[in-house]
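A.B. asks: next input, structure requested:
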Amino acid sequence: MRKLLALAATLGLALALSPEEVWQALQVHAKVAGYLAQVRQGPVVYQVAFRRPWVRIDWLEGPDYLKGSALISDGQRAWSRAPKGPWQETKATPPDDPLQLLFTGFPEVQRDYAVQDPKEEGGLWRFLLVKKTPPKDDRQPAAWRIAVNPKGHLPFRYEVLSPSGKVLAQAEYLKLDPTPPPQSLFEVKP
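C.D. replies: Model (predicted):
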(Lines give C-alpha, C1' and ligand atoms only; values in the text may rest on other atoms or scores of the structure.)
Protein backbone atom coordinates (compact mmCIF):
# COMPACT_ATOMS: atom_id res chain seq x y z
CA MET A 1 0.00 0.00 0.00
CA ARG A 2 2.82 2.41 0.86
CA LYS A 3 4.43 1.78 -2.50
CA LEU A 4 1.17 2.61 -4.23
CA LEU A 5 0.81 5.88 -2.26
CA ALA A 6 4.44 6.79 -2.95
CA LEU A 7 3.96 6.08 -6.65
CA ALA A 8 0.80 8.20 -6.74
CA ALA A 9 2.60 11.07 -5.01
CA THR A 10 5.57 10.75 -7.35
CA LEU A 11 3.33 10.89 -10.39
CA GLY A 12 1.49 13.93 -9.01
CA LEU A 13 -1.86 12.19 -8.93
CA ALA A 14 -4.61 13.65 -6.79
CA LEU A 15 -4.88 12.14 -3.33
CA ALA A 16 -8.01 12.66 -1.28
CA LEU A 17 -7.83 14.73 1.90
CA SER A 18 -10.56 15.18 4.46
CA PRO A 19 -11.98 18.63 5.28
CA GLU A 20 -10.85 18.05 8.87
CA GLU A 21 -7.22 17.61 7.71
CA VAL A 22 -7.43 20.89 5.81
CA TRP A 23 -8.93 22.76 8.82
CA GLN A 24 -6.19 21.40 11.09
CA ALA A 25 -3.52 22.51 8.65
CA LEU A 26 -5.11 25.95 8.20
CA GLN A 27 -5.04 26.56 11.95
CA VAL A 28 -1.33 27.19 11.45
CA HIS A 29 -2.32 30.54 9.90
CA ALA A 30 -3.77 31.75 13.20
CA LYS A 31 -0.25 31.47 14.66
CA VAL A 32 1.65 33.19 11.85
CA ALA A 33 3.18 36.39 13.20
CA GLY A 34 3.82 37.88 9.76
CA TYR A 35 5.01 37.47 6.20
CA LEU A 36 5.95 39.41 3.08
CA ALA A 37 4.50 38.34 -0.27
CA GLN A 38 4.49 39.55 -3.84
CA VAL A 39 1.25 38.71 -5.64
CA ARG A 40 0.17 38.90 -9.29
CA GLN A 41 -3.52 39.48 -9.97
CA GLY A 42 -4.02 39.86 -13.71
CA PRO A 43 -1.85 42.77 -14.93
CA VAL A 44 -1.38 44.07 -11.38
CA VAL A 45 1.50 43.08 -9.08
CA TYR A 46 1.41 44.14 -5.44
CA GLN A 47 3.34 43.45 -2.29
CA VAL A 48 1.52 42.44 0.89
CA ALA A 49 3.25 42.83 4.23
CA PHE A 50 1.53 41.32 7.26
CA ARG A 51 2.60 41.66 10.87
CA ARG A 52 -0.20 40.86 13.23
CA PRO A 53 -2.50 42.90 13.21
CA TRP A 54 -0.91 45.27 10.66
CA VAL A 55 -1.35 44.90 6.89
CA ARG A 56 0.39 46.94 4.20
CA ILE A 57 -0.24 46.72 0.45
CA ASP A 58 2.01 48.43 -2.10
CA TRP A 59 1.06 48.36 -5.77
CA LEU A 60 4.19 47.70 -7.85
CA GLU A 61 3.00 47.08 -11.43
CA GLY A 62 -0.19 47.75 -13.32
CA PRO A 63 -2.11 50.83 -14.45
CA ASP A 64 -0.37 54.15 -13.71
CA TYR A 65 -3.05 55.20 -11.22
CA LEU A 66 -2.16 52.18 -9.05
CA LYS A 67 1.66 52.01 -9.30
CA GLY A 68 3.12 53.57 -6.17
CA SER A 69 -0.20 53.55 -4.28
CA ALA A 70 -0.19 52.12 -0.78
CA LEU A 71 -2.58 51.07 1.97
CA ILE A 72 -1.73 50.45 5.63
CA SER A 73 -4.20 49.19 8.22
CA ASP A 74 -3.97 48.28 11.89
CA GLY A 75 -7.44 46.71 11.85
CA GLN A 76 -9.10 49.82 13.33
CA ARG A 77 -7.71 52.59 11.14
CA ALA A 78 -6.50 52.66 7.55
CA TRP A 79 -4.15 55.01 5.74
CA SER A 80 -3.97 55.19 1.96
CA ARG A 81 -2.14 57.27 -0.58
CA ALA A 82 -2.11 57.72 -4.32
CA PRO A 83 1.24 57.44 -6.17
CA LYS A 84 2.24 61.04 -5.43
CA GLY A 85 -0.32 62.08 -2.86
CA PRO A 86 -0.25 62.45 0.92
CA TRP A 87 -1.49 59.78 3.35
CA GLN A 88 -5.21 59.95 4.13
CA GLU A 89 -6.67 58.32 7.23
CA THR A 90 -10.03 56.51 7.30
CA LYS A 91 -11.71 53.90 9.43
CA ALA A 92 -10.65 50.36 8.52
CA THR A 93 -13.30 48.01 7.20
CA PRO A 94 -13.21 44.46 8.49
CA PRO A 95 -11.82 41.99 5.95
CA ASP A 96 -14.25 39.64 4.25
CA ASP A 97 -11.62 37.82 2.21
CA PRO A 98 -11.07 34.40 3.83
CA LEU A 99 -7.38 34.43 2.90
CA GLN A 100 -6.86 37.50 5.07
CA LEU A 101 -9.18 36.11 7.74
CA LEU A 102 -7.07 32.95 7.94
CA PHE A 103 -4.41 35.17 9.52
CA THR A 104 -6.59 37.60 11.48
CA GLY A 105 -9.87 35.83 12.27
CA PHE A 106 -9.59 32.07 11.92
CA PRO A 107 -12.72 31.33 14.05
CA GLU A 108 -14.80 33.45 11.65
CA VAL A 109 -13.53 31.46 8.67
CA GLN A 110 -14.51 28.16 10.31
CA ARG A 111 -17.90 29.60 11.25
CA ASP A 112 -18.76 31.12 7.85
CA TYR A 113 -17.04 28.79 5.35
CA ALA A 114 -16.97 25.10 4.47
CA VAL A 115 -14.06 23.17 2.97
CA GLN A 116 -15.06 21.26 -0.16
CA ASP A 117 -13.23 19.02 -2.62
CA PRO A 118 -9.89 18.83 -0.76
CA LYS A 119 -7.10 16.89 -2.48
CA GLU A 120 -3.34 16.75 -2.75
CA GLU A 121 -2.08 17.24 -6.28
CA GLY A 122 1.41 17.85 -7.59
CA GLY A 123 2.77 18.58 -4.10
CA LEU A 124 0.07 21.18 -3.35
CA TRP A 125 -3.15 20.94 -1.37
CA ARG A 126 -6.12 22.18 -3.40
CA PHE A 127 -9.57 22.86 -1.97
CA LEU A 128 -12.56 25.19 -2.07
CA LEU A 129 -13.52 27.51 0.79
CA VAL A 130 -17.23 28.07 0.20
CA LYS A 131 -19.45 30.60 1.98
CA LYS A 132 -22.11 28.73 3.95
CA THR A 133 -24.53 31.53 3.08
CA PRO A 134 -23.67 32.50 -0.51
CA PRO A 135 -24.52 35.95 -1.88
CA LYS A 136 -27.46 36.26 -4.28
CA ASP A 137 -25.56 38.64 -6.59
CA ASP A 138 -23.43 36.73 -9.12
CA ARG A 139 -20.87 39.56 -9.06
CA GLN A 140 -20.06 38.83 -5.40
CA PRO A 141 -17.53 36.25 -4.17
CA ALA A 142 -19.04 32.97 -2.97
CA ALA A 143 -16.03 30.64 -2.95
CA TRP A 144 -12.27 30.61 -3.15
CA ARG A 145 -10.39 27.83 -4.95
CA ILE A 146 -7.09 27.72 -3.08
CA ALA A 147 -3.78 25.94 -3.56
CA VAL A 148 -1.43 25.91 -0.57
CA ASN A 149 2.01 24.54 0.09
CA PRO A 150 1.39 21.85 2.74
CA LYS A 151 4.84 22.37 4.27
CA GLY A 152 4.15 25.95 5.32
CA HIS A 153 0.40 26.05 4.70
CA LEU A 154 0.79 29.43 3.03
CA PRO A 155 -1.13 30.36 -0.14
CA PHE A 156 0.37 29.57 -3.51
CA ARG A 157 -2.50 30.67 -5.74
CA TYR A 158 -6.25 31.21 -5.58
CA GLU A 159 -9.32 31.96 -7.67
CA VAL A 160 -12.36 33.88 -6.47
CA LEU A 161 -15.63 32.35 -7.72
CA SER A 162 -19.15 33.77 -8.04
CA PRO A 163 -22.24 31.82 -6.83
CA SER A 164 -22.57 30.36 -10.35
CA GLY A 165 -18.89 29.30 -10.41
CA LYS A 166 -17.65 32.09 -12.69
CA VAL A 167 -14.04 33.13 -11.99
CA LEU A 168 -14.09 36.72 -10.69
CA ALA A 169 -10.36 37.05 -9.93
CA GLN A 170 -7.17 35.01 -9.92
CA ALA A 171 -4.01 35.62 -7.92
CA GLU A 172 -0.66 33.90 -7.80
CA TYR A 173 2.01 34.35 -5.13
CA LEU A 174 5.29 35.11 -6.91
CA LYS A 175 7.40 35.38 -3.75
CA LEU A 176 6.62 34.55 -0.17
CA ASP A 177 8.85 35.16 2.83
CA PRO A 178 7.33 33.85 6.09
CA THR A 179 9.59 36.12 8.18
CA PRO A 180 7.62 38.89 9.93
CA PRO A 181 8.58 42.25 8.35
CA PRO A 182 9.91 45.04 10.60
CA GLN A 183 7.36 47.25 12.36
CA SER A 184 8.97 50.29 10.68
CA LEU A 185 7.39 49.19 7.38
CA PHE A 186 3.96 50.05 8.83
CA GLU A 187 4.80 53.59 9.91
CA VAL A 188 2.80 56.30 8.15
CA LYS A 189 5.22 59.07 7.23
CA PRO A 190 4.24 62.40 5.63
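A.B. asks: what is the longest strand along the chain packed up against?
C.D. replies: The residue-count maximum for a strand in the chain (DSSP state E) belongs to strand 167-177. Secondary-structure packing of strand 167-177 (3 or more C-beta pairs under 8 Å, 6 or more residues apart in numbering; DSSP states H and E): strand 34-41, strand 154-161. Where you see a C-beta, it was placed from the backbone N, CA and C, and this is true even at glycine.
A.B. asks: for the last one, give me every contacting residue.
C.D. replies: Residues from elsewhere that reach strand 154-161, judged by C-beta atoms under 8 Å, 6 or more residues apart in numbering: 29, 32, 35, 37, 99, 124, 128, 141-149, 167-173, 176, 178.
A.B. asks: buried subset of these?
C.D. replies: When the contacts of strand 154-161 are checked for burial by 16 or more other C-beta atoms under 10 Å, the buried set is 29, 32, 35, 37, 99, 128, 141-148, 171, 173, 176.
A.B. asks: so of these, which ones are in strands?
C.D. replies: 35, 37, 128, 143-148, 171, 173, 176.
A.B. asks: show me which of those residues is closest to Val109.
C.D. replies: The closest of those to Val109 turns out to be Trp144 (C-beta to C-beta; 10.3 Å).
A.B. asks: need the contact list for that closest one.
C.D. replies: So Trp144 contacts 98-99, 128-129, 158-161 (C-beta under 8 Å, 6+ apart).
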